[in-house]
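Novice: structural data only, the sequence is not supplied:
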């Protein structure tokens, strides 16, 4: 994090539906590690496929593709 402020880390499926919200809180400047256990909001394991991790922070938005294979 290069700027302090509200940070959200969301997971979306290929259809653009939100699968999970991993983080939604104020963060200080610094480096952080966060992992996703492959579960959706209901706690069920997601299926194989492509997912998108969207990091929203005060300095902008970053999107990364994740492929889940079991």
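Specialist: Nice, thanks for sending it over. Fair warning: this is a prediction, and the values are worked out from it, not measured in the lab.

Novice: going by C-alpha atoms from here, please, whenever you check contacts or count neighbours.
Specialist: OK.

Novice: which one is residue 18 nearest to, not counting chain neighbours?
Specialist: Nearest residue to residue 18, sequence neighbours excluded (Cα to Cα, 6 or more residues apart in numbering): residue 12, at 4.4 Å.

Novice: can you tell me the element that neighbour falls in?
Specialist: Per DSSP states H and E, residue 12 falls inside strand 5-13.

Novice: what is the mean pLDDT for the helix or strand where residue 55 lies?
Specialist: Using DSSP H and E, residue 55 maps to strand 49-57. Averaging pLDDT along strand 49-57 gives 97.

Novice: thinking again about what came up before, check which element follows the strand holding residue 12 along the chain.
Specialist: For strand 5-13, the following helix or strand on the C-terminal side (DSSP H and E) is strand 18-27.

Novice: partner strands of that next one and their direction?
Specialist: Strand 18-27 has its sheet partners listed here by DSSP bridges as strand 5-13 (antiparallel).

Novice: report the inter-axis angle for the strand it pairs with versus strand 49-57.
Specialist: Here strand 5-13 runs at an angle of 170 degrees relative to strand 49-57 (axes from the mean of the first three to the mean of the last three Cα atoms, to 10 degrees).

Novice: mind listing what's buried along strand 5-13?
Specialist: Residues 7, 8, 9, 10, 11, 12, 13 are the ones in strand 5-13 that count as buried (16 or more other Cα atoms under 10 Å).

Novice: contacting residues around the residue of the chain positioned farthest from its centre?
Specialist: Residue farthest from the centre of the chain, counting by Cα atoms, centre = their mean, is residue 70 at 19.4 Å. The contact partners of residue 70, taken as Cα atoms under 8 Å, 6 or more residues apart in numbering, are residue 48.

Novice: nothing else from me, thank you.
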